[in-house]
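*Asks:* just coords:
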């Protein structure tokens, strides 16, 4: 019964991956003839300033967004897990961004950044808000981080809520009898018990942000210039628009290795931290 699924997985995931690795050692342009060039494409990677900038931007954006998403979603989950009115309704509202299309969200926020906020800034006399930050090479990343974090918080909040449901209430009652403060309860009871969920959230969020593509295309398309160009967007442009398929295949191989290494290291150190907690 698993054969059909395995065949489809091989055809649409495994085979293209093997094919991409093969072409990374050639000079293929995506069409026509090709020749083996060995490690030339990989060596070119270390001399390409545009690629280096894309990696720098992507890693910086991913690290910052991962931290913000996990901090915000954890506090939101704590609030939604408390005994409050309209608890289920609020949970549904907070989850809405996760079911919306990334491109639609990007286009909506693009309109907000380019028209709504500048007009609001002009009417209030706030010069800082009068200009579209997405058109500023030094500030465009802020808009991208805000939108990406806003949408990602929804999914991470659900995972943290699932973790909070596993914490026995008896532990909190015993801690309150001993006079423990809310902060002590969180740091000594809540966080250690939901540490596995924290590990999952950090790894998943980091991987998603490292592969950022839709948000960037909808908001800035990598601009102004190449200031917000991520690795995924660079690979797509180089391979399918510039005809540099082989080189971008090598770039994709290196990127895959980087993502795998980062994920493995995250799991190793975070799980080690779980044991210590």
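*Replies:* Perfect, thanks for sending it. As the structure is a prediction and not an experimental result, all values here were calculated from the model.
*Asks:* any idea how far the closest residue in space to residue 271 that isn't next to it in sequence is from residue 269?
*Replies:* Spatial nearest neighbour of residue 271, chain neighbours left out: residue 199 (6.2 Å); criterion: C-beta to C-beta, 6 or more residues apart in numbering. C-beta coordinates here come from the backbone N, C-alpha and C atoms, glycine included. To residue 269, residue 199 is 9 Å away according to C-beta to C-beta, to the nearest Å.
*Asks:* more crowded one of the two?
*Replies:* Using other C-beta atoms under 10 Å, the more surrounded residue of residue 199 and residue 269 is residue 199, with 17 against 11.
*Asks:* I'd say that one and residue 272 touch.
*Replies:* No. In this structure residue 199 lies outside contact range of residue 272 using C-beta atoms under 8 Å: 10.1 Å.
*Asks:* now for residue 41: which residues touch it?
*Replies:* Residue 41 is in contact with 24-25, 27, 246-247, 249-251, counting by C-beta atoms under 8 Å, 6 or more residues apart in numbering.
*Asks:* same thing but at 7 Å, please
*Replies:* Going by C-beta atoms under 7 Å, 6 or more residues apart in numbering, residue 41 touches 24, 246-247, 250.
*Asks:* so where does it fall, helix or strand?
*Replies:* If you go by DSSP states H and E, residue 41 is part of helix 40-45.
*Asks:* again, but for residue 30
*Replies:* Assigned by DSSP H and E, residue 30 falls outside every helix and strand.
*Asks:* distance check, the closest residue to it other than its chain neighbours against residue 201.
*Replies:* With sequence-adjacent residues excluded and distances taken as C-beta to C-beta, 6+ apart, residue 30 is closest to residue 245, at 3.8 Å. In this view, residue 245 and residue 201 are 35 Å apart by C-beta to C-beta.
*Asks:* confidence-wise, which helix or strand of this protein is lowest on average?
*Replies:* helix 87-99 (a mean of 81; mean pLDDT, DSSP states H and E).
*Asks:* what comes into contact with the helix or strand hosting residue 203?
*Replies:* Residue 203 belongs to helix 195-210 when elements are defined using DSSP H and E. Helix 195-210 has contacts (C-beta under 7 Å, 6+ apart) with 58, 61-62, 65-66, 69-70, 148, 152, 156, 159-160, 162-163, 259, 262-263, 266-267, 270-271, 273-274, 277.
*Asks:* list the ones among those residues that fall in helices.
*Replies:* 58, 61-62, 65-66, 69-70, 148, 152, 156, 159-160, 162-163, 259, 262-263, 266-267, 270-271, 273-274 (DSSP state H).
*Asks:* buried among these? Make that a ChimeraX selection.
*Replies:* What follows is the ChimeraX syntax selecting those of the ones in helices among the contacts of helix 195-210 that are buried according to 16 or more other C-beta atoms under 10 Å:
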select :58,61,62,65,66,69,70,148,152,156,159,160,163,259,262,263,266,270
